[in-house]
Every structure is written in structure tokens, then in C-alpha cells.
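# no sequence for this one, just the structure:
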């Protein structure tokens, strides 16, 4: 329901009715609608355990294709609810929601580095930032596919796969070569 309507338009009574449970049960387990929403946000952005993801031992293009397929399967599973919670369309500018999303982005960045075979780079701030930028592209492309239907799944797959492959084969090696040391006071490197 949070994916179908704005947060404010969803009542706890409606949630309970749709779930086929008493409203008191929702209150017992979650406290209130906001706490239930935070649990939904956590669920939407929690990645499956690493051992549940099968990445082939193949060429970089084959690995990337499998990673992107997995990402799109995850997005498709949750549809509009995923779009809403990852794009702040839920409760708006909420610090607790933002904290959950930031933690999920950090975990996803680390997972992506592991999946591309570069777990050794998880401590590199510039490389984590590159992966976080890619995550932004995933979110926007997912929205264009799921809610706006301006892109097909195949088009989103191609966009994300091409971008990720370029990151792995061109951008990351380039950043590794040029990664600066501490900045000098004047802004020079």
C-alpha cells in the first residue's frame, strides 16, 4: 500500500485489513504506522545475503550481466514500493528514513565491490563514491522502468550493464592510478 499511495494516505486500519490481521497485531509488532513504514523501508533496501547471489566465474561482461540481472530481479520483486522508499517519496525528508537509506547505500556499495571482485577497494572513499553514484543511476533507471514506463527492463539492463562494465574496466582503474593523497590547503594536488 505504501507503494500505491502516499504515506499520509495509508491508514493503519487499512494496512491491517489488507494484511488480514487485527490492527492491534500491527501495533503489537510495530508500534505505529511510522514504525511499520520504517520496517518496510528496511526490508526494501536490505540486500539478500551474499551466498544467495550467484555470480558466474566468467568474463567481466558475463559477471556484470549477472549482477545487473540480479539487481533488476530485486527491483521487480518490490516494484513501486521499492521506487517510493528509495526515492524519498514516502514520508518525505525524514532523518530516520535517510539514515536507513544511507546505511543501505553503504552496504550496497560494499556488496557491489565484492561482486565485481574488488572487495580490497572497500576502504577507498573515491571508489565507494563511484559505486554510490552508480546506485543513484540504478534508482533513477528503476523509477523510469517501474513507475514511468519510459524505459523497458531490457533498456534498463543495457544501460546499467554498460555503465557498470565501463566502471569496472575503465573508470575504477583510472581512479586507482590518479587517486590523490591528502589535499593541500590551496586546493592543489
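Noted; the coordinates are in hand. Here the structure is a predicted model, which is why all the values come from computation and not from measurement.
# residue 161: which element?
For residue 161, the element it lies in under DSSP states H and E is helix 153-166.
# and the next helix or strand past that helix?
Heading C-terminal from helix 153-166, the first helix or strand you meet, by DSSP H and E, is helix 172-178.
# ok, and what's touching that next one?
Contacts to helix 172-178, defined as C-beta atoms under 8 Å, 6 or more residues apart in numbering, come from residues 118, 121, 124, 126-127, 130. Any C-beta I mention is one placed from the backbone N, CA and C, and that applies to glycine too.
# again with stretch 111-129
For stretch 111-129, using C-beta under 8 Å, 6+ apart, the contacting residues are 47, 50, 53, 55, 60, 63-64, 67, 106, 109-110, 131, 134-135, 164, 168, 172, 175-176, 179.
# relative to the whole chain's centre, how far out is stretch 119-132?
Relative to its chain's centre, stretch 119-132 lies at 16 Å (C-alpha atoms, centre = their mean, to the nearest Å).
# distance between the ends of it?
One end of stretch 119-132 to the other measures 15 Å (C-alpha to C-alpha, to the nearest Å).
# go through it and flag the buried ones.
121-122, 124, 127-128, 130-131 (16 or more other C-beta atoms under 10 Å).
# with distance to residue 143 and secondary structure added, can I get those in CSV?
Formatted as CSV, the buried residues of stretch 119-132 follow (distance: C-beta to C-beta, whole Å; DSSP: H, G, I helix; E, B strand; the rest coil):
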residue, distance to residue 143, secondary structure
121, 28, helix
122, 27, coil
124, 29, coil
127, 25, helix
128, 23, helix
130, 21, helix
131, 19, helix
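# could those residues go into TSV alongside distance to residue 22 and pLDDT?
Converted to TSV, the buried residues of stretch 119-132 look like this (distance: C-beta to C-beta, whole Å; pLDDT from 0 to 100):
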residue	distance to residue 22	pLDDT
121	49	83
122	45	81
124	50	84
127	49	86
128	44	84
130	48	89
131	43	87
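# grab the two from those residues that are most spread out in space.
Within the buried residues of stretch 119-132, 122 and 130 form the most distant pair, 12.2 Å apart (C-beta to C-beta).
# any idea which of the contacts of helix 172-178 is closest to residue 16?
Checking the contacts of helix 172-178 one by one against residue 16 (C-beta to C-beta), the nearest turns out to be residue 130, at 43.3 Å.
# what's the distance between the closest one and residue 108?
Using C-beta to C-beta, to the nearest Å, one obtains 13 Å as the distance from residue 130 to residue 108.
# with residue 164 instead?
Counting by C-beta to C-beta, the gap from residue 164 to residue 108 is 13 Å.
# these two: who's more crowded?
residue 164 (26 against 20; other C-beta atoms under 10 Å).
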